[in-house]
Each structure stands twice: as structure tokens, then as C-alpha cells.
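Student: how would this look folded up:
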Amino acid sequence: MAEQDDSITVSVVAFGPLSEEIQRQQEVRINKNSTILDLIHSMELTTWLDNGLTVAINGNICDVEKVLSNADEIALLPPVSGG
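Tutor: Below is the predicted model:
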């Protein structure tokens, strides 16, 4: 049986109101060399990005063009509102 080496698995953690829309924590398989933007598109979260979603990889805020690595932890941080 051939090894599958064309994909990686990342851990996605959603915070705030986003955690009510998707699972708070989940493992996601995505193609190697995928960016944060690719992940957001695959999870159908583009609207959140348009509304100010911030993303961190392993605790560091990153640009959406950052390429993901196997076992990365992705934090999805929606904008905070209120008073």
C-alpha cells in the first residue's frame, strides 16, 4: 500500500462566535503547500475573513498567504465587538 504524502493534518481551534458555527476544535486534512487562505476556503469561512478574522499558527498571528505545515495548530480569532 502506497503512503499518502500529498496531504497534511492541522488542528483548527475556533474562538468566540465562530466556535458556535463550527466545531470548537477539529483536525483537518489539507493538501501539502496549502496556505491559511486555502484552509479558510475549504472550511467555507471566507465571509469571516472578509469581516476581520485573524488567524494564528502555533500562537503567532500570520498572514493568510502563510503555508501550513503538518501538525500546525491554527487559531481562528474573529473580531471582538461590544462595549
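Student: quick one: which helix or strand includes the residue nearest the centre of the chain?
Tutor: Centroid-nearest residue in the chain: residue 74, 4.8 Å away (criterion: Cα atoms, centre = their mean). Using DSSP states H and E, residue 74 sits within strand 73-77.
Student: strand partners of that strand, parallel vs antiparallel please.
Tutor: strand 7-14 (parallel), strand 54-57 (antiparallel) (DSSP bridges).
Student: where does the chain have low pLDDT?
Tutor: By pLDDT under 70, the weakly predicted segments of the chain are 1-4, 81-83.
Student: which helix is the longest one in it?
Tutor: helix 36-42 (DSSP state H).
Student: next one: the closest residue in space to residue 69 that isn't next to it in sequence from residue 34, what distance?
Tutor: Leaving aside its chain neighbours, residue 69 sits nearest to residue 8 (6.7 Å; criterion: Cβ to Cβ, 6 or more residues apart in numbering). Backbone N, C-alpha and C define where each C-beta goes, glycine included. For residue 8, the distance to residue 34 equals 8 Å [Cβ to Cβ, to the nearest Å].
Student: what sits in contact with each of the two?
Tutor: residue 68 (Cβ atoms under 8 Å, 6 or more residues apart in numbering).
Student: re earlier: buried ones in the longest helix of the chain?
Tutor: Buried residues in helix 36-42, counted by 16 or more other Cβ atoms under 10 Å: 36, 38, 39, 40.
Student: how about stretch 41-59?
Tutor: So, applying 16+ other Cβ under 10 Å, buried residues of stretch 41-59: 43, 45, 48, 49, 53, 54, 55, 56, 57.
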